[in-house]
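Undergrad: Using only what follows, build the 3D model:
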Amino acid sequence: MDPVALKSSWAVVAKSGDDVPLFFYSHLFLSHPELRELFPVSMAGQRDKLVGALAAVVSNVDQLDAVVPFIQQLGRDHRRFSVVAEHYNAVGASLLATLQHFLGPAWTPQLASEWAGAYGAISAVMVQAAEEAAGTSPAHWPAEVVGVDRRTMDVTVIQVRPSEPLAYAPGQSVAMEIPYRPRRWRYFSPANAPRDDGLIEFHIQLVPGGQVSGPAVRSLRIGDSVRLAAPVGNGLTLDGIDGRDVVMIAGGTGLAPLRAMLEALDKGWHGPGGTPNVHLFHGVRMSWNLYEHHRLSRLAQRPWFDYTPVVSEDPSFPGRRGLIGEVAATSRSSWENQIALVCGSPEMVAHTVRQLTKAGLPEVSIRTEHFGGAHAPSQPNHSAGGQQ
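TA: This is a model prediction of the structure:
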């Protein structure tokens with residue numbers, strides 16, 4: 001495999017922007033029309049995911065071992081779309097046709113061989129991961145909506161009961177498909193630690209123009225059926241805290257995975273391992289967006305937990321005001337022996353990471369998580385506070 005040839009040729013193709021996925025899917029659906037039903041009616045979001053995933057893999061092709069977990073996760077994720085091994089041949093043929101179209105005379109037999117070899121290796125990893133996952137878990141879990149609570153104008157809290165137990169770690173996320181947007185899966189984080197009754201709570205925030213968040217916030221009703229995929233992500237779990245103090249920084253419904261971890265920590269408060277000191281900063285625009293304020297205020301009575309609500313656009317708010325990243329970053333005189341968990345919109349996460357590193361917290365001590373298939377594990381895309 002020639003990483004230089006793959007990277008340089010992809011850089012040329014990527015310059016054509018949206019025309020690349022448009023050509024790819026047109027070729028795929030014309031040559032294999034039976035595959036169209038596996039995809040959502042509107043392909044806009046899917047096109048972004050294709051280009052993002054390709055860019056992530058190609059940019060790491062010279063260190064393929066580092067990107068293997070990402071490729072494996074792609075394979076497991078595709079199970080929920082009913083993708084089987086035979087489909088990979090059709091996808092590969094359309095990918096090569098797309099590259100040939102945009103590279104023109106630069107598409108040589110040698111370059112074609114390099115891309116065919118790379119795709120063969122990547123698809124083999126994806127298929128094997130999917131087959132292994134099929135031996136231990138279903139492709140998706142049917143679940144019933146059993147609770148709907150419209151907390152604010154733009155936040156709805158729902159509770160669902162999967163038909164079979166769905167094991168996950170606090171801080172992980174699952175993709176969910178709602179009946180009003182078939183085949184449009186979006187990642188959401190459970191806001192509770194696993195419970196004996198199997199119920200899972202999700203916090204869903206309305207995103208202007210969002211194709212899934214709108215009907216999820218406004219239309220989901222008790223009795224509706226949704227589908228859940230296998231949990232993913234390790235960046236925001238409690239593994240590896242190693243006795244350090246924890247600073248949690250959440251924007252909007254980015255609070256959800258952090259609240260799940262707080263619930264787990266509170267359950268283990270009296271256990272032999274103890275509970276680390278935790279300080280949560282929850283940032284919103286207006287004070288009425290603090291949709292978990294009363295619950296978090298009660299939890300702040302615990303000796304191990306501090307809670308600071310932060311409001312950015314309400315000058316009447318009596319507490320801390322400003323951008324959440326700046327408020328959290330200036331809250332300490334020293335960041336020694338501390339770790340930060342950050343979750344929210346991509347913009348909020350990026351700004352907060354910059355502020356924390358500027359304040360002296362090493363980037364290796366800052367954890368974030370992103371999903372959606374457009375980023376490699378080193379730079380994932382979790383928008384628990386910014387679903388679409």
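Undergrad: Show me what counts as buried in the longest helix along the chain.
TA: The longest helix of the chain (DSSP state H) is helix 109-134. Across helix 109-134, burial judged by 16 or more other Cβ atoms under 10 Å covers 111, 114-115, 118-119, 122-123, 125-127, 129-130, 133. Any C-beta I mention is one placed from the backbone N, CA and C, and that applies to glycine too.
Undergrad: mean confidence for that helix?
TA: The average pLDDT within helix 109-134 is 85.
Undergrad: And stretch 62-69, by the same measure?
TA: For stretch 62-69, the per-residue pLDDT averages 75.
Undergrad: Grab the CA positions of that stretch and hand them over as CSV.
TA: Output of stretch 62-69 as CSV, limited to C-alpha atoms (Å, rounded to 0.1, in the frame of the first residue of the first chain):
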residue,chain,number,x,y,z
ASP,A,62,0.2,5.4,6.9
GLN,A,63,-0.6,4.4,10.5
LEU,A,64,-3.4,2.0,9.7
ASP,A,65,-3.2,0.2,13.1
ALA,A,66,-4.2,3.4,14.8
VAL,A,67,-7.3,3.7,12.7
VAL,A,68,-8.4,0.1,12.9
PRO,A,69,-10.7,0.6,15.8
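Undergrad: Return the set of buried residues in that stretch.
TA: Using 16+ other Cβ under 10 Å as the test for burial, stretch 62-69 gives Leu64, Val67.
Undergrad: what's the following helix or strand after the helix or strand of the chain with the lowest mean pLDDT?
TA: Every helix and strand in the chain was compared by mean pLDDT, DSSP states H and E; the lowest is helix 44-59, with a mean of 66. Per DSSP states H and E, the first helix or strand lying C-terminal to helix 44-59 is helix 64-77.
Undergrad: can I assume Tyr291 is in contact with Arg151?
TA: Yes: between Tyr291 and Arg151 a contact is recorded at 4.0 Å, counting by Cβ atoms under 8 Å.
Undergrad: overlap in contacts of these two?
TA: Common neighbours of Tyr291 and Arg151 (criterion: Cβ atoms under 8 Å, 6 or more residues apart in numbering): Val157.
Undergrad: out of the two, which sits in the more crowded spot?
TA: Tyr291 (22 against 17; other Cβ atoms under 10 Å).
Undergrad: what helix or strand does that one sit in?
TA: Per DSSP H and E, there is no helix or strand for Tyr291.
Undergrad: Quick one: distance of stretch 306-326 to the chain centre.
TA: Mean-position distance between stretch 306-326 and its chain equals 26 Å (Cα atoms, centre = their mean, to the nearest Å).
Undergrad: could you dump it to CSV, C-alpha only?
TA: The C-alpha coordinates for stretch 306-326 follow below in CSV (Å, rounded to 0.1, in the frame of the first residue of the first chain):
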residue,chain,number,x,y,z
ASP,A,306,-19.8,20.8,43.3
TYR,A,307,-22.1,22.4,40.7
THR,A,308,-21.8,25.7,38.9
PRO,A,309,-24.5,26.8,36.4
VAL,A,310,-23.2,29.2,33.8
VAL,A,311,-25.5,31.5,31.7
SER,A,312,-24.1,33.4,28.7
GLU,A,313,-26.9,35.6,27.4
ASP,A,314,-29.1,36.5,30.4
PRO,A,315,-27.8,39.6,32.2
SER,A,316,-30.4,39.1,35.0
PHE,A,317,-29.0,35.8,36.0
PRO,A,318,-27.5,36.1,39.6
GLY,A,319,-24.9,33.4,39.2
ARG,A,320,-21.9,32.9,36.9
ARG,A,321,-22.2,34.5,33.5
GLY,A,322,-20.1,34.2,30.3
LEU,A,323,-18.9,31.5,28.0
ILE,A,324,-18.7,28.1,29.8
GLY,A,325,-15.2,27.4,28.6
GLU,A,326,-13.8,30.6,29.9
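Undergrad: for the buried residues of helix 109-134, which one is nearest Ala230?
TA: Ala133 (6.9 Å; Cβ to Cβ).
Undergrad: how close does the closest residue to that closest one other than its chain neighbours sit to Pro231?
TA: Spatial nearest neighbour of Ala133, chain neighbours left out: Arg76 (4.6 Å); criterion: Cβ to Cβ, 6 or more residues apart in numbering. Separation of Arg76 from Pro231 (Cβ to Cβ, to the nearest Å) stands at 11 Å.
Undergrad: could you say what helices and strands the longest helix of the chain packs with?
TA: The elements that helix 109-134 packs onto, with contact taken as 3 or more Cβ pairs under 8 Å, 6 or more residues apart in numbering; DSSP states H and E, are helix 3-14, helix 64-77, helix 87-103.
Undergrad: tell me the angle the longest one makes with helix 109-134.
TA: Angle, helix 87-103 to helix 109-134, by axes from the mean of the first three to the mean of the last three Cα atoms, to 10 degrees: 150 degrees.
Undergrad: and if you look at the shortest one?
TA: Our comparison of helix 3-14 with helix 109-134, counting by the same axes, to 10 degrees, yields an angle of 90 degrees.
Undergrad: helix or strand right after helix 3-14?
TA: helix 19-31.
Undergrad: Just the CA atoms of that next one, as CSV, please.
TA: Taking C-alpha atoms only, helix 19-31 is exported to CSV below (Å, rounded to 0.1, in the frame of the first residue of the first chain):
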residue,chain,number,x,y,z
ASP,A,19,-19.8,16.7,-6.3
VAL,A,20,-17.8,13.7,-5.0
PRO,A,21,-20.5,12.0,-2.8
LEU,A,22,-23.2,13.1,-5.3
PHE,A,23,-21.4,11.2,-8.1
PHE,A,24,-20.7,8.2,-5.8
TYR,A,25,-24.3,7.7,-4.7
SER,A,26,-25.7,8.3,-8.2
HIS,A,27,-23.4,5.6,-9.5
LEU,A,28,-24.2,3.2,-6.6
PHE,A,29,-28.0,3.6,-7.0
LEU,A,30,-28.0,3.4,-10.8
SER,A,31,-25.8,0.2,-10.8
